[in-house]
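Asker: Structure for the following, please:
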Amino acid sequence: MSREEQPQRAAYYRPGPARKDPAPVDDVIAGVIERFGAPGIAGGQVVAAWPELAGEWADRSVPIGVRDGVLTVEVANGADASVLRYDLAVIRAKIDAAIGRGIVSRIQVRVARDRGQRRGAPGR
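Answerer: Numbers count the residues shown, from 1 in each chain. Predicted coordinates:
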């Protein structure tokens with residue numbers, strides 16, 4: 001059988017536009033996050049953006065992390081915790097606008113045992 005007589009194999013088919021160059025990593029990651037979701041990454045974005053999201057509280061509070069939609073924030077004393085609780089609705093609205101709605105469903109405020117133990121405290 002000559003080459004002309006051999007049946008042609010089907011070309012590999014990939015839906016979408018053909019790409020000769022690799023896709024940028026940030027585009028690939030964004031696509032994966034959009035398709036499968038990634039609450040861990042979104043929680044990390046909340047922690048990273050805390051100085052902008054927390055406003056006047058950025059210097060007096062430390063975001064510990066987001067787990068199951070609950071953002072844990074640590075403050076140095078009970079007085080700060082009490083006053084911060086009045087501003088949680090505003091902070092949560094900023095998180096919804098900046099990071100995405102539903103990433104944080106609740107914010108839990110806790111007091112550090114002592115100032116030296118607070119995460120992110122100066123000298124650590």
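
Asker: longest helix of the chain?
Answerer: helix 78-98 (DSSP state H).

Asker: Which residue is the nearest non-sequential neighbour of Arg67?
Answerer: With Cβ to Cβ, 6 or more residues apart in numbering as the criterion, Arg67 has its nearest non-adjacent residue at 7.5 Å, and that residue is Gly43. All C-beta spots, glycine's among them, are computed from the backbone N, C-alpha and C.

Asker: which element is that neighbour on?
Answerer: In the assignment (DSSP states H and E), Gly43 maps to helix 39-48.

Asker: which parts of the next helix or strand after that helix are buried?
Answerer: With elements assigned by DSSP H and E, the helix or strand that comes after helix 39-48 is helix 50-54. Residues 50, 53-54 are the ones in helix 50-54 that count as buried (16 or more other Cβ atoms under 10 Å).

Asker: Against which helices or strands is helix 50-54 packed?
Answerer: Secondary-structure packing of helix 50-54 (3 or more Cβ pairs under 8 Å, 6 or more residues apart in numbering; DSSP states H and E): strand 61-67, helix 78-98.

Asker: If I take the next helix or strand after the last one and helix 39-48, what angle do their directions form?
Answerer: Counting by DSSP H and E, the element after helix 78-98 in chain order, helix or strand, is strand 106-111. Computed by axes from the mean of the first three to the mean of the last three Cα atoms, to 10 degrees, the angle separating strand 106-111 from helix 39-48 equals 50 degrees.

Asker: circling back: for the helix holding Gly43, C-alpha coordinates in PDB please.
Answerer: Only the C-alpha atoms of helix 39-48 are listed here, as PDB (Å, rounded to 0.1, in the frame of the first residue of the first chain):
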ATOM      1  CA  PRO A  39     -11.800  29.600  48.400                       C
ATOM      2  CA  GLY A  40      -8.200  29.300  49.700                       C
ATOM      3  CA  ILE A  41      -6.900  31.600  47.100                       C
ATOM      4  CA  ALA A  42      -9.700  34.100  47.600                       C
ATOM      5  CA  GLY A  43      -9.100  33.900  51.400                       C
ATOM      6  CA  GLY A  44      -5.400  34.700  50.700                       C
ATOM      7  CA  GLN A  45      -6.500  37.700  48.600                       C
ATOM      8  CA  VAL A  46      -8.600  39.000  51.600                       C
ATOM      9  CA  VAL A  47      -5.500  38.700  53.900                       C
ATOM     10  CA  ALA A  48      -3.200  40.300  51.300                       C
END
